[in-house]
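In: Here is my input, please return the structure:
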Amino acid sequence: MVTDLSYLHIRQKYPLELKIELSRLRIRQWYRYHHGNVYIAFSGGKDSTVLVDLVRSEFPDVVAVFSNTFNEFPEILKFVRTMSNVTWITPAMTVEGAIKKYGYPVVSKENSQKISEARTTKSAKLLHKRLHGDDNPYKSGKIPDKWQYLINAPFLISHKCCDVLKRKPFRKYEKKTGFSPILGVMANDSHARKQKGVVKSCNSFDSKRPESNPMMFWNTDDVWEYIKQKELPYSSIYDMGYKNTGCVACCFGVHLEPSDEFSENKFQLMERTHPSLYRNCIDRLGMGRVLDFIKVNYRPSLQKTFNFLDKV
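Out: Next up is the predicted model:
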């Protein structure tokens, strides 16, 4: 696969039927290269649900591996239990421990890392890069101006939650079994993943950590169309209004979600659908003060009142 942004854009425009065949081809190549010693990284979300079906349509016995962070929606856990041949793994640290040791996941993984580095580095060169960017027209490496005030936030900020709660348990599993991962990553999920889709091919055989991303050129509409065509079961969490199903306490991207009197962001929706999880996030984990600081409203919206009146 040519690792070029324009080529990625071309493939993202392919019809679903062609995307399916290309993904299956990548899966076959990966499976045969590793002599069947592969596994599916399964989150219980819609993307990895489709991935499981794609892989097992070619090789039915491939194991799916689920990392239970103890920070999952109950609907995700319930759905994962309905799937066959799933191995459950757990991190060595809780989300509370990760936040206390490293900091809160704020804005995005990329910016959280930059902010953390700006606050802790002893390198004048790295600090200059984080504050002003590289000496090029794109000022790459710079913390965006709108988020530079977070350098002085009265709480720790870090990108390491994902590493602690997800990546480390998977890498431990890989070391123990010798299996190589197949992931449901899609380039349109974030800027960082788009860059990953350009730099790496779907099957990165020679990377430091080899992995297969056979759905790299898919998009969310493709995923839902596949689920519809195949009549695949999926977690009921999506029918409750959630667009994404990552860790409950994660606030990556929440500032981009609509939040007005008629709309709800992730935390406002959680207050309505999972009040105990909401209180745990806002109060016990301290997400309330974080969201206040980045000016994201997490308090109930009028949508809750309208929903109540509809039932009266």
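In: Now do the biggest helix by length in the chain: distance to the chain's middle.
Out: If you go by DSSP state H, the chain has its longest helix at helix 16-33. Computed by C-alpha atoms, centre = their mean, to the nearest Å, the chain-centroid distance of helix 16-33 equals 22 Å.
In: Please apply the same query to stretch 14-29.
Out: Averaging C-alpha positions (C-alpha atoms, centre = their mean) puts stretch 14-29 22 Å from its chain's average.
In: send the alpha carbons of it over as PDB?
Out: C-alpha atoms of stretch 14-29 as PDB (Å, rounded to 0.1, in the frame of the first residue of the first chain):
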ATOM      1  CA  TYR A  14     -14.000   3.400  -2.300                       C
ATOM      2  CA  PRO A  15     -17.500   1.800  -2.100                       C
ATOM      3  CA  LEU A  16     -18.000  -0.400   0.900                       C
ATOM      4  CA  GLU A  17     -17.900  -3.700  -1.000                       C
ATOM      5  CA  LEU A  18     -14.300  -2.900  -2.200                       C
ATOM      6  CA  LYS A  19     -13.200  -1.800   1.200                       C
ATOM      7  CA  ILE A  20     -14.400  -5.100   2.600                       C
ATOM      8  CA  GLU A  21     -12.400  -7.100   0.100                       C
ATOM      9  CA  LEU A  22      -9.300  -5.000   0.600                       C
ATOM     10  CA  SER A  23      -9.600  -5.400   4.400                       C
ATOM     11  CA  ARG A  24     -10.000  -9.100   4.100                       C
ATOM     12  CA  LEU A  25      -7.000  -9.300   1.900                       C
ATOM     13  CA  ARG A  26      -4.900  -7.400   4.500                       C
ATOM     14  CA  ILE A  27      -6.200  -9.800   7.200                       C
ATOM     15  CA  ARG A  28      -5.200 -12.900   5.100                       C
ATOM     16  CA  GLN A  29      -1.700 -11.400   4.500                       C
END
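In: Buried residues, it. List them.
Out: Counting neighbours by 16 or more other C-beta atoms under 10 Å, one finds that the buried residues in stretch 14-29 are 19-20, 22-23, 26-27. All C-beta spots, glycine's among them, are computed from the backbone N, C-alpha and C.
In: can you list contacts of it?
Out: Applying C-beta atoms under 8 Å, 6 or more residues apart in numbering, the contact partners of stretch 14-29 are 11, 54-55, 57-59, 182, 202-203, 212, 214-215, 217-218, 222, 225-226, 229.
In: do the same with stretch 117-135
Out: Applying C-beta under 8 Å, 6+ apart, the external contacts of stretch 117-135 come out as 114-115, 139-143, 148, 151, 157.
In: Quote the end-to-end distance of that stretch.
Out: Length of stretch 117-135, first residue to last, C-alpha to C-alpha, to the nearest Å: 19 Å.
In: what is the rounded mean pLDDT of it?
Out: Taken as a whole, stretch 117-135 has an average pLDDT of 96.
In: how distant is that stretch from the center of its chain?
Out: With C-alpha atoms, centre = their mean, you get 26 Å for stretch 117-135.
In: where do the strands sit along this protein?
Out: According to DSSP state E, the chain carries its strands in the segments 38-41, 63-67, 86-89, 106-107, 180-182, 203-204, 211-212, 251-252.
In: Mean pLDDT added to those, as CSV?
Out: Shown next, in CSV, are the strands of the chain (pLDDT from 0 to 100):
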stretch, mean pLDDT
strand 38-41, 98
strand 63-67, 98
strand 86-89, 98
strand 106-107, 95
strand 180-182, 97
strand 203-204, 89
strand 211-212, 96
strand 251-252, 92
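In: In TSV, list these along with distance to residue 162 and mean neighbour count.
Out: Formatted as TSV, the strands of the chain follow (distance: least, C-beta to C-beta, whole Å; neighbours: other C-beta atoms under 10 Å):
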stretch	distance to residue 162	mean neighbour count
strand 38-41	12	22
strand 63-67	10	21
strand 86-89	15	15
strand 106-107	13	27
strand 180-182	15	22
strand 203-204	19	20
strand 211-212	15	24
strand 251-252	9	22
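In: so how many other residues sit close to residue 117?
Out: Residue 117 has 18 neighbours, counted by other C-beta atoms under 10 Å.
In: So which residue is dead centre in this protein?
Out: residue 246 (5.8 Å; C-alpha atoms, centre = their mean).
In: Which ChimeraX command selects the buried ones in the contacts of stretch 14-29?
Out: Buried residues among the contacts of stretch 14-29 (16+ other C-beta under 10 Å), as a ChimeraX selection:
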select :11,54,55,182,202,203,212,214,215,217,218,222,226
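In: Contacts only, for residue 251.
Out: Contacts of residue 251 (C-beta under 8 Å, 6+ apart): 104-107, 266-267, 287, 290-291, 294, 296.
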